[in-house]
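Chemist: Dropping the sequence and predicted coords here.
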Amino acid sequence: MGKKPNKLQEEATLYKKLKQLWQRGQSDLCEVRGSKIHGSGVYATQNIKAGTKIIEYTGELIDKEESERRAWAQHAHSQETGDAAVYIFTLTSKLDIDGNVPWNTARLINHSCDPNCEAWIDGKKIFIHALNDIKTGDELTFDYAFDVDCYEDHPCLCGKPGCVGYIVSREQWPQLKQKLAEKAGK
């Protein structure tokens, strides 16, 4: 039988794992700063060509039941504090990634109705890629694509021309416009 690792070896192993997780959530292409859209945002530190993989969206792999529980808890917390709401990202029909970890820089990328980035799923990982050329200093944004059924819970602050006022997937904009028209007609 092998020796049981001592406390120092266990701490060194844990440190190594945490360092690897931290490195996965960082990128030389971007940095965190205050945002005009909401709270903190992520900004390009250099020019980025369209199609470039910018950063990984990291976090804890969780099943849908746990995802639902955490999403509601994070949403309730955001209602009390005004902080960003939910960092849970759909990965597959059975798994999500909870990006609510301090090393996940990508969790601070804000939504926009006219985004310059998009999320690509690669196996059990999510990467943020540039949709078009991005200039040094530009804020990185992507479409959160929330469901129109809960639009009132997610006002959009992107300020882009053509902003629909709510964080709703582009495919559901016609439905949103219909709901807003019906609401205004009451």
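Modeler: Received the coordinates, thanks.
Chemist: how close does residue 122 get to residue 56?
Modeler: 9 Å (C-beta to C-beta, to the nearest Å). All C-beta spots, glycine's among them, are computed from the backbone N, C-alpha and C.
Chemist: Closest to the centroid, which residue in the protein?
Modeler: residue 107 (3.9 Å; C-alpha atoms, centre = their mean).
Chemist: Residue 175 is in contact with residue 164, isn't it?
Modeler: No - here residue 175 lies out of contact with residue 164, judged by C-beta atoms under 8 Å, at a distance of 10.8 Å.
Chemist: centre of the chain versus stretch 163-173, how much separation?
Modeler: 17 Å (C-alpha atoms, centre = their mean, to the nearest Å).
Chemist: Please enumerate residues in contact with that stretch?
Modeler: 111, 113-114, 143-148, 151-152, 154-156, 175-177, 180 (C-beta atoms under 8 Å, 6 or more residues apart in numbering).
Chemist: any weak-confidence spans in this protein?
Modeler: 1-2, 82-85, 186 (pLDDT under 70).
Chemist: now the helices for it?
Modeler: Along the chain, counting by DSSP state H, helices occupy 7-24, 64-81, 173-184.
Chemist: Rebuild those as JSON lines, extending it with mean neighbour count.
Modeler: Converted to JSON lines, the helices of the chain look like this (neighbours: other C-beta atoms under 10 Å):
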{"stretch": "helix 7-24", "mean neighbour count": "11"}
{"stretch": "helix 64-81", "mean neighbour count": "13"}
{"stretch": "helix 173-184", "mean neighbour count": "12"}
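Chemist: Distance to residue 49 added to those helices, as CSV?
Modeler: Supplementary listing: these in CSV, determined by distance: least, C-beta to C-beta, whole Å:
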stretch, distance to residue 49
helix 7-24, 22
helix 64-81, 34
helix 173-184, 28
